[in-house]
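J.: here is the input, now give the coordinates:
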Amino acid sequence: MSAAPKITALLGRERPLADVADAEIGAALTELWGGRAPATWNRNRAAVTSWLLRCQTKKHWAAPLVPAEAERRKESADETRAVAKTTIHRLLSRRGTG
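T.: This is a model prediction of the structure:
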């Protein structure tokens, strides 16, 4: 299930977006993804932000915003690089490695 349906389920499927406060969006984000990795938080936060903005601009619905307190989280740069399969085979086929 993607981010928007999870938020909707948590806040109430039948509840109009106009009745949802910004702080409730932040609380729902925290409840659903607050303890997850920064990349997971950022991905879901961006999806919810995009969904809410689409509701406002394309559908012309009154909708809350993601509050400033639910800011993006800093992600660690992953410097890990894949080793080519041919390099692994060459290293394993060398004498003295088995």
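J.: please enumerate the helices of this protein.
T.: With helices called from DSSP state H, the chain shows them at 3-11, 22-33, 38-57, 85-93.
J.: out of those helices, which gets nearest to E75?
T.: Closest approach to E75 among the helices of the chain is made by helix 38-57 (4.6 Å; Cβ to Cβ). C-beta here means a position set from N, CA and C on the backbone, and glycine is covered the same way.
J.: centre of the chain to that closest one, how far?
T.: Distance of helix 38-57 from its chain centroid, counting by Cα atoms, centre = their mean, to the nearest Å, is 7 Å.
J.: same check on stretch 77-87?
T.: Using Cα atoms, centre = their mean, the offset of stretch 77-87 from its chain centre is 25 Å.
J.: next, format the helices of the chain as a markdown table and append mean pLDDT, mean neighbour count and distance to D78.
T.: Shown next, in a markdown table, are these (pLDDT from 0 to 100; neighbours: other Cβ atoms under 10 Å; distance: least, Cβ to Cβ, whole Å):
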| stretch | mean pLDDT | mean neighbour count | distance to D78 |
| --- | --- | --- | --- |
| helix 3-11 | 94 | 16 | 23 |
| helix 22-33 | 98 | 18 | 20 |
| helix 38-57 | 96 | 16 | 9 |
| helix 85-93 | 89 | 9 | 20 |
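J.: would you format those helices as a markdown table with distance to A77 included?
T.: Below are those laid out as a markdown table (distance: least, Cβ to Cβ, whole Å):
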| stretch | distance to A77 |
| --- | --- |
| helix 3-11 | 24 |
| helix 22-33 | 21 |
| helix 38-57 | 11 |
| helix 85-93 | 23 |
